[in-house]
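*Asks:* build me a model from this:
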Amino acid sequence: MKKMYVYTAVIGLTISLAACNTDNEANGDSTPSESASDQEHETNEVDTEPEAELDETEEAETENGEETEESNDTNETDEAGETDTDNEAEKVAGNYLIEVDFKANEAEEYETVFGLTRTTDDLTYEERIIQSLRANDPSHDELLTEMELEVEGDILNLHYDSDNLIYSLAQMPGSDFMSAISNTGQMFGLSEGHFYDNGEQRVRLGEIQIDSGITEFSPVAPTRGYYYFEVAEGEGPYFIRGSDTEERVQDDNEELLSFAETIEEMATVAEQDHYESVMYEGLMVEEASLTDDVATVQYTVESEGTEEERIRFEQGVQLTAIEFSAKELRLVNNTEGMTSVFPLQE
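*Replies:* Numbering: from 1, shown residues only. Sure, this is the predicted structure:
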């Protein structure tokens, strides 16, 4: 009996434990392995959400970075174009013509002088050169009008027939004739003149005898800048080159002055007997530069100056910019907030 009771008790206990386990499963209680799996799954879900947030943050930072770069580019553009933004720009109409003449100074010595005018006529580059050359012809019988002139690149071709040109010895052109051609050609970027006498390349004009028929267009001496040359009332304005003055045209290393250095030299000249600065009293040059063939002079004015003084300033600086082969000159009046744009070389 005792044995049977023991066996019966053991069997009953086993059945009770099994029933408890079954109840636990039915109530949703997980096993230890299931709990670990669930915890790992929950951990992965928690870890995944910050990664998504990080991606969104990186995208936001990238977008902000692109906006910042674009903003910086805009700021750089604004800074680079600060002059144009702040000042009202006005393009001066027409293209320039060059006048070359010979005027006596107070010592009765003749100087080569230059003048500049603007024309609104619809002229080509070649037509402006030819018109300037013929207007500057110092020969008595307008020899250049009798010649056939043409421009090829930076070469001026001059065709004539000496057999058909009848001049007295007094009328035959001399050095002034060649000087007028050379100086006019230089101001339009020409390098040489090629003369053809009845098809043969040579020069036979009075005292001018050039077997090769080629003459170079270059200054007689190193030069930089232009200075106002005083003439009789009602004439001009005329200007002389820096090489014909006592002003500096080279630095200490005998290198020609830069555009900025030239403008500075032109602004600081003391009035001489027969020439003076093109910068009038009250005008202060702040900065000058030559970048990408665009010459820029920024200045302020304490007084407006007379119309004649303003014209001298504008024309003198235009001639200087042409000397440096600038395609455009920008005169920036920072006092009045105005920029005047002068088209130059083509």
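
*Asks:* grab the nearest non-local neighbour of residue 179.
*Replies:* The shortest distance from residue 179 to any non-neighbouring residue, by CB to CB, 6 or more residues apart in numbering, is to residue 112 (6.3 Å). In short, each C-beta sits where N, CA and C put it, glycine included.

*Asks:* so what's the one you found up against?
*Replies:* 100-102, 179, 183, 240-241, 244 (CB atoms under 8 Å, 6 or more residues apart in numbering).

*Asks:* 7 Å - rerun?
*Replies:* Applying CB atoms under 7 Å, 6 or more residues apart in numbering to residue 112 gives the contacts 100, 102, 179, 183.

*Asks:* got a winner among those for most neighbours?
*Replies:* residue 100 (25 neighbours; other CB atoms under 10 Å).

*Asks:* okay but it is in contact with residue 136, surely?
*Replies:* Yes: under the criterion of CB atoms under 7 Å, residue 100 makes contact with residue 136 at 4.4 Å.

*Asks:* so what sits against both of the two?
*Replies:* 180, 184.

*Asks:* what's near enough to touch the residue most central in space within the chain?
*Replies:* Central residue of the chain (CA atoms, centre = their mean): residue 294, 2.8 Å from the mean position. Residues near residue 294 by CB under 7 Å, 6+ apart: 326-328, 330.

*Asks:* go on, residue 177?
*Replies:* By CB under 7 Å, 6+ apart, residue 177 lies in contact with 138-139, 208.

*Asks:* per-residue pLDDT, it?
*Replies:* pLDDT recorded at residue 177 is 90.

*Asks:* in the strand or helix carrying it, what counts as buried?
*Replies:* In this assignment (DSSP states H and E), residue 177 forms part of helix 175-186. Buried residues in helix 175-186, counted by 16 or more other CB atoms under 10 Å: 176-186.

*Asks:* state the next helix or strand along the chain beyond that helix.
*Replies:* Beyond helix 175-186 on the C-terminal side, the first helix or strand identified by DSSP H and E is strand 192-197.

*Asks:* give me the residues contacting that following strand.
*Replies:* Counting by CB under 7 Å, 6+ apart, 155-162, 181, 185, 201-204, 210, 213-217 sit against strand 192-197.

*Asks:* make it 6 Å
*Replies:* Defining contact as CB atoms under 6 Å, 6 or more residues apart in numbering, one finds that strand 192-197 is touched by 155-159, 162, 181, 203-204, 213-216.

*Asks:* from those residues, pick the one nearest residue 236.
*Replies:* Among the contacts of strand 192-197, residue 181 lies closest to residue 236 (CB to CB), at 21.5 Å.

*Asks:* the closest one: what's it in contact with?
*Replies:* residue 193.

*Asks:* if you tally nearby residues, what's the number for the residue lying closest to residue 249 once chain neighbours are set aside?
*Replies:* Counting by CB to CB, 6+ apart, residue 224 is the residue found nearest to residue 249 once chain neighbours are left out, at 4.1 Å. By other CB under 10 Å, the residues close to residue 224 number 24.
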